[in-house]
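A.B. asks: coords please:
(2 chains)
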Amino acid sequence: NAGVTQTPKFQVLKTGQSMTLQCAQDMNHNSMYWYRQDPGMGLRLIYYSASEGTTDKGEVPNGYNVSRLNKREFSLRLESAAPSQTSVYFCASSENMDRSNQPQHFGDGTRLSIL
Amino acid sequence: GENVEQHPSTLSVQEGDSAVIKCTYSDSASNYFPWYKQELGKRPQLIIDIRSNVGEKKDQRIAVTLNKTAKHFSLHITETQPEDSAVYFCAATSRSDSNSGYALNFGKGTSLLVTP
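C.D. replies: Residues are numbered from 1 along each chain as shown, chains lettered A, B, ... in the order given. Model prediction:
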């Protein structure tokens, strides 16, 4: 039981390049999330998917797109990477965000540097 | 939206002492308050959570208290050990802007250092 798996673990991009961060969970959770973590800023929500087939913007969605491929997988895409998107990206999942008392379970993160 | 403030941003204690981290929130409808521990280079991991129908919860050396009237909650770690050194995040739920459910709003974290 792996929980939440993110790939890749590390990536270096040049400004303007595109890439997709992958996330998969094996806990049969309905809801999935993408966060970015920057020093002193905590965890900021980029996008989330309450259930398969739905996605919504979080606090900092500009420059990103997401796809909820199926119940297990939720990907984050940077279409044209910018240095300001250098960060650690975490994917998380929860059983069902319709319920207010649901803990979120995090993946190991992707460390992304954009030169 | 929800605003979660966390203090202090850094905390240094001697091994065996207690550590207290405090958070305040703005949304009076918030009713779930988890705490996460993040070791260097690792994922945030849930260590304890509290729901609004209780005022205190304990798990061995860790306890969380909640004051709904004042809209603040705290993490207490007793008999601290060097392995408690990490960044700790508080969070509170609030209704998402899209009304599709409840999102977690995180504090900015407290870096705890326990010195032997």
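
A.B. asks: and stretch B:107-116 with chain A, contact?
C.D. replies: Yes - counting by Cβ under 8 Å from any Cβ of the partner chain, chain A is contacted by stretch B:107-116 at B:Gly107, B:Lys108, B:Gly109. C-beta: built from backbone N, CA, C; applies to glycine.

A.B. asks: Return the backbone torsion pair for A:Gly16.
C.D. replies: With angles defined as degrees, to the nearest 10, A:Gly16 sits at phi 100, psi -20.

A.B. asks: so it sits right up against A:Glu79, yeah?
C.D. replies: No - checked against Cβ atoms under 8 Å, the pair A:Gly16 and A:Glu79 is beyond contact range at 9.6 Å.

A.B. asks: Kindly tell me how buried residue 15 is, as a neighbour count.
C.D. replies: Going with chain A. When neighbours are counted by other Cβ atoms under 10 Å in any protein chain shown, A:Thr15 registers 11.

A.B. asks: try again with chain B
C.D. replies: Residues lying near B:Glu15 (other Cβ under 10 Å) number 13.

A.B. asks: wait, what's in contact with it?
C.D. replies: B:Thr80, B:Gln81, B:Pro82, B:Val114, B:Thr115, B:Pro116 (Cβ atoms under 8 Å, 6 or more residues apart in numbering or on different chains).

A.B. asks: let's see it at 6 Å
C.D. replies: Counting by Cβ atoms under 6 Å, 6 or more residues apart in numbering or on different chains, B:Glu15 touches B:Val114, B:Pro116.

A.B. asks: partner residues bridging the most centrally placed residue in chain A?
C.D. replies: Nearest to the mean C-alpha position of chain A, counting by Cα atoms, centre = their mean, stands A:Trp34 at 2.6 Å. Beta-bridge pairing for A:Trp34 (DSSP bridges): A:Tyr47, A:Cys91.

A.B. asks: Correct me if wrong: it contacts A:Tyr47.
C.D. replies: Yes - A:Trp34 is within contact range of A:Tyr47, at 5.2 Å (criterion: Cβ atoms under 6 Å).

A.B. asks: Name the residue of chain B that lies nearest to chain A.
C.D. replies: Using Cβ to the nearest Cβ, the point where chain B gets nearest to chain A is B:Gly101, with a distance of 3.3 Å.

A.B. asks: No further queries at this time; thank you.
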